[in-house]
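A.B. asks: Generate coordinates for the sequence data below:
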Amino acid sequence: MATPPIPAARKQGNLLWWLLGFAGAGILILIVGGLVIAGLLVRNIRVHRGGREVEIHTPGGDLKVSRAAAIEVGLPIYPGATLAEPGKNVELSLPTERQVGITVARYRAPDPLEKVDAWYRARLGADFERQGPGAKQRKIKGVDLESDGIAYVSERGDLVRFVALKERGAGVDIALGRVGQREAQ
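C.D. replies: Numbers count the residues shown, from 1 in each chain. Take a look at the predicted model:
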């Protein structure tokens, strides 16, 4: 006795169920895999917080954010200038032992802008280019800056150092900063 042929509509229905089953299994595998990877990352990330400092340690590198009065920028501080706000530092350490960071400290000097400008002009090396005042648009590493103050900028390889001077009231605001690769310590 011969079996009757299966209608085409029923064959397509079975195929649809098979495809939905494979799609569901694929989604389930992606969800489980994502949870496993997230679990591994969470177990391998350590966060330390103390005072004005946060450190995050991961297998891919470390991130340190700190805020302190005594942050070393590596630039001279104008005599008689007082700290206007705590210095800020963001440092990224990569597994290759390369360190990249941003460090900024702000000071306030009671002297006129011309005197502070002359002091920095005499102290900073030939690496520093004086810009301003009056130049409304400047570029540092491709970033446009607008300022009516004076800036001394040194760009050498992956390191940018700057001194920004802005007259404020009867004194001068001084911002000292460095952006880029750190020296090995």
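A.B. asks: which stretches of this structure form helices?
C.D. replies: 8-44, 113-123 (DSSP state H).
A.B. asks: For these, state which one has the densest average packing.
C.D. replies: Stretch with highest mean neighbour count among the helices of the chain: helix 113-123 (a mean of 15; mean count of other C-beta atoms under 10 Å). Placement of C-beta: from N, CA and C, glycine included.
A.B. asks: Which one, of the helices of the chain, ends up nearest to residue 90?
C.D. replies: Evaluated over the helices of the chain, closeness to residue 90 peaks at helix 8-44, with 21.4 Å, by C-beta to C-beta.
A.B. asks: what's the distance between that closest one and the middle of its chain?
C.D. replies: Mean-position distance between helix 8-44 and its chain equals 38 Å (C-alpha atoms, centre = their mean, to the nearest Å).
A.B. asks: thinking again about what came up before, want to try a markdown table for the helices of the chain, with mean pLDDT and distance to residue 174 as columns?
C.D. replies: Output for these, formatted as a markdown table (pLDDT from 0 to 100; distance: least, C-beta to C-beta, whole Å):
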| stretch | mean pLDDT | distance to residue 174 |
| --- | --- | --- |
| helix 8-44 | 77 | 42 |
| helix 113-123 | 91 | 7 |
